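> Sequence first, predicted coordinates after that:
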Amino acid sequence: MRRESSRLRQHAQSLDDALSDLEVWDGPHLDVAMTAIAAIAASLQALRATADELDEAGAVLQRYATDLAEGHELGRQAELRVEGAGLLLEGTRVIEPWGPASVQEAERRRAQVPEVQARVDLATAHVGRARGRLVREVTRLAEGFSGHSRQALPARRAPVPPR
């Protein structure tokens, strides 16, 4: 996405250079040409805004990937803690295993459940927060892309000057 954003910015610069050449044109059908130039300029502005948001979308995905990697590591550490305590993980819930155990072993396990559960909850919450941020950002960016698309419509409807 970030690479594509850079490519769009380069195309926008080329279009901007071409528009600059057209703005000094003084040929026939000047009024139609100026209407077309104004419509293309509006689309060019939308193209630049789209490139900016595409770059931002790439950054959002990079942050999400980093957050997921951190969440994965937190989860891995929590799983090791669950196993080390002789407990089991049922979904995201830490439970004591079924079966016979000495009183001391059962008490030791039971005493460790809150701390181990807190570590599991930390990993789960970390991933949940990352997902929530991603959903908010993607929703905001999708609205922006939609708006830029509407902003670019005048260029498609602009009259083309006769040759």
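That came in fine, so what should we check first?
> And Ser102, how far from Arg108?
9 Å (C-beta to C-beta, to the nearest Å). C-beta: built from backbone N, CA, C; applies to glycine.
> Give me the more crowded residue out of those two.
Neighbours were counted for Ser102 and for Arg108 using other C-beta atoms under 10 Å; Arg108 has more, 13 against 8.
> Assumed the more buried one was part of a strand.
No - with DSSP: H, G, I helix; E, B strand; the rest coil as the criterion, Arg108 is helix rather than part of a strand.
> show me what contacts it?
Each residue near Arg108 by C-beta atoms under 8 Å, 6 or more residues apart in numbering is listed here: Gly86.
> pLDDT score for it?
According to the prediction, Arg108 has pLDDT 95.
> Please report the distance of it from Gly84.
12 Å.
> all strands of the chain, in order?
Along the chain, counting by DSSP state E, strands occupy 88-90, 93-95.
> avg pLDDT for stretch 26-35?
Mean pLDDT, computed over stretch 26-35, is 74.
> Quote the end-to-end distance of it.
Using C-alpha to C-alpha, to the nearest Å, the end-to-end distance of stretch 26-35 comes out at 14 Å.
> How about the contacts made by Ser149?
Per C-beta under 8 Å, 6+ apart, neighbours of Ser149: Ala46.
> roughly how far apart are it and Arg109?
58 Å.
> Next: Glu115.
Glu115 is 11 Å from Arg109, by C-beta to C-beta.
> Which one of these two is surrounded by more residues?
Neighbour count, other C-beta under 10 Å: between Glu115 and Arg109, Arg109 has more, with 19 against 11.
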